[in-house]
Every structure is written in C-alpha cells, then in structure tokens.
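Undergrad: Just the structure for this:
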Amino acid sequence: MGVQCLWNWIFAKGLGLVKPEKEDKTHYGYYACSALTYLLAMVSSNMALRWVPYPTQVVGKSAKPIPVMILGVLIGRKSYSMQRYLFVLFIVIGVVLFMLKDVKRDPSKEVSEQTLGVGEVLLFLSLSMDGLTGAIQERMRAAHAPSAQHMMVAMNGWSTLILLVGVLVTGEIFEFISFAGRFPYVLIQLASLAITGALGQLFIFIMVSSFGPLACSVVTTTRKFFTVLCSVIFFGNPLTSRQWLGTIFVFAGLFADAAFGKSAAKKNEKGAKSDIKKLISK
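TA: Here you go, the predicted model:
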C-alpha cells in the first residue's frame, strides 16, 4: 500500500511538471484528514478478510454509496433530492442481490454465523470511513474546488507519510526488504501494479473533483457488477433469478439517475440561489 501511494505521488508530481496548474489553496487539514480516513477504510476492509469470506466483503462494500450520501449531508453540507436517494438505493440493492452468493448452511455453525463478529464490525468501520472521506472531499470541493491533480498529489503525499510512520513503528518495512531480497521478481509485479493503479486513481480523482464523491462511489460500486455481468455475457455463465432481479434494479437505478438525477439537482441549485437572493434583498 505504501509503495502504491508513493508511486501515485510521484506520478501526480510528474503530471504537474508536464502540465502545470494554478496554485492549490486548499487547507492541508482537509487533505490530511481525507488521507487518514481513506487509509483506515482500506485497512479495515482488508483486515475484515481475516474473519469474513471475500464475497461477504465485496457485498458489504457494495453499500459504500449509502454512507457517502448520509455523511455527505451531515458533515459535507451536501443536499440531495429524494429521487437521488431512491435511485442510489436501487443501485446498491441491485448490486447486493447480484453479488450475493448462495451459501449452503451448516446446521452446526448456524448460530455462530448469525452472530455479529469482528469482520462485520470492521466492514462497518470501513464503510463509515468511506463516508467520512466523501464528506471531507465535499467540504473541500465547496471551499476550494481543487483539481484532480492537486488532490492526487496531496492525498498520496499525506498517505505516504502516515504509512511510513506505520511501517517504521511496526517494523514491516524491514520484513518487506527481506522478502524482496528473497523474491526479487515481486518488484516487477509491484511496479506494474503501481503504474496501472496510478492511472486508475487519476480517473477516480477526476471524477471526485468534477462530479463529487457520490458519483465516484456509484461508479466504483457498479464496476463490480459490470465485471461479473461481462463474464456472464462473454463466457456464458448462467444467472439465477435473484441475479436477474439485481440486474434490473441496477439498470433501473442507473438509467433513472441519468434521466432525472441531474434535473432534480439543477432544481435544488436554482432553489438555493433564489433563497440566497431573497436573503440578500432583505
């Protein structure tokens, strides 16, 4: 994770040299808090895999747009129409229905499986941190409107510093150096992962700076859905009735949001501007 963040920072700095942008006046506190919550979300999600299976983690993280929306309103001072809430809920329900696996129950383990465990708590913590990250980014966009390049440089810079302290305190950096010395080919794999990851993260920050954290979370959530759906189409994997229902929910939510979400947002924006004008006139 630290190597990826460091490379992302170098990549974004390189973009700044190729295509310079105006000075970023965003307060560093926004970036530091956003980087911290982003890392906590990722670490909690990965740690949850020690207690819950991967499909459970994927389904749990599919609900990411919901905390992003809720905390965006409570902390990020963002407002959404009731239509937008309904459309996003449709998408999340559809993705959960589609990704959910049919698990054969073991009667001897039924009681323990129904108990809320450490893995579920970590997933809830991860979703909460996702929501906080989105809320901070909303405040950041409203106050300073930083570009995708500025966000990528600052967030990865802070993430690298936080992770550097972590690996030095825990001693994991020395374990990594020892591991890389025994298996040097892993450095090539890490390099290829870092390059592709930096390109992907650039598009993510472009979405956040241009359309907001909610739109980005919806895209990253439906990405999992379309990945599986493409495998069904191209490789002939059959869909269950529940997955067909999930597909209908996802497409209904996406098309409805594309058709009505923007118009509702414009109405809210016009209403807010008219309220401001009335207050000024008084």
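
Undergrad: just for this protein, where's the confidence low?
TA: By pLDDT under 70, the weakly predicted segments of the chain are 99-116, 228, 231, 236-237, 258, 261-282.

Undergrad: residue boundaries of the helices in it?
TA: Across the chain, reading from the start of the chain, the helices by DSSP state H fall at 2-18, 28-48, 54-61, 65-74, 82-99, 110-113, 118-143, 148-170, 172-182, 185-211, 213-235, 241-256, 262-281.

Undergrad: Mind putting these into TSV with mean neighbour count?
TA: (Each C-beta comes from the backbone N, C-alpha and C, glycine too.) Written out in TSV, the entries for the helices of the chain read as follows (neighbours: other Cβ atoms under 10 Å):
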stretch	mean neighbour count
helix 2-18	17
helix 28-48	19
helix 54-61	17
helix 65-74	22
helix 82-99	20
helix 110-113	9
helix 118-143	21
helix 148-170	19
helix 172-182	11
helix 185-211	15
helix 213-235	17
helix 241-256	17
helix 262-281	11
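
Undergrad: where does the nearest residue to Phe11 once chain neighbours are set aside sit relative to Trp7, distance-wise?
TA: The shortest distance from Phe11 to any residue other than its chain neighbours is 4.0 Å, reached at Ala198 (Cβ to Cβ, 6 or more residues apart in numbering). Summarising the geometry, the distance separating Ala198 from Trp7, computed by Cβ to Cβ, to the nearest Å, is 6 Å.

Undergrad: quick one, what contacts the closest residue in space to Lys25 that isn't next to it in sequence?
TA: Nearest non-adjacent residue to Lys25, counting by Cβ to Cβ, 6+ apart: His144, 5.7 Å away. With contacts defined as Cβ atoms under 8 Å, 6 or more residues apart in numbering, the neighbours of His144 are Asp24, Lys25, Thr26, His27, Tyr30.

Undergrad: show me what contacts the first one?
TA: Asp24 makes contact with His144, Pro146, Ser147, His150, Ala154 under the criterion Cβ under 8 Å, 6+ apart.

Undergrad: Run a quick check on Leu164 versus Val3, I expect a contact.
TA: No: contact status for Leu164 versus Val3: not in contact, 11.0 Å apart, counting by Cβ atoms under 8 Å.

Undergrad: Now do the contacts for Val153.
TA: Taking Cβ under 8 Å, 6+ apart, we find Val153 in contact with Trp9, Ala12, Lys13, Gly16.

Undergrad: could you list every residue that touches the third one?
TA: Think Lys13. Val153.

Undergrad: for the first one, same thing?
TA: By Cβ under 8 Å, 6+ apart, the residues touching Trp9 are Met152, Val153, Asn156, Gly157, Thr160.

Undergrad: Repeat that for the last one.
TA: With contact taken as Cβ under 8 Å, 6+ apart, Gly16 is in contact with Gln149, Val153.

Undergrad: Quick check: the gap between it and Ala154.
TA: 11 Å.

Undergrad: what does the second one give?
TA: Distance, Ala12 to Ala154, by Cβ to Cβ: 9 Å.

Undergrad: Please report phi then psi for the closest residue to His150 other than its chain neighbours.
TA: Computed as Cβ to Cβ, 6+ apart, the closest residue to His150 that is not its neighbour in sequence is Asp24, at 4.0 Å. Note on Asp24: its backbone torsions stand at phi -90, psi 120 [degrees, to the nearest 10].

Undergrad: residue contacts, Thr56?
TA: Under the criterion of Cβ under 8 Å, 6+ apart, the contact partners of Thr56 comprise Gly119, Leu123.

Undergrad: what about it, distance to Ser217?
TA: Here Thr56 is placed at a distance of 19 Å from Ser217 (Cβ to Cβ).
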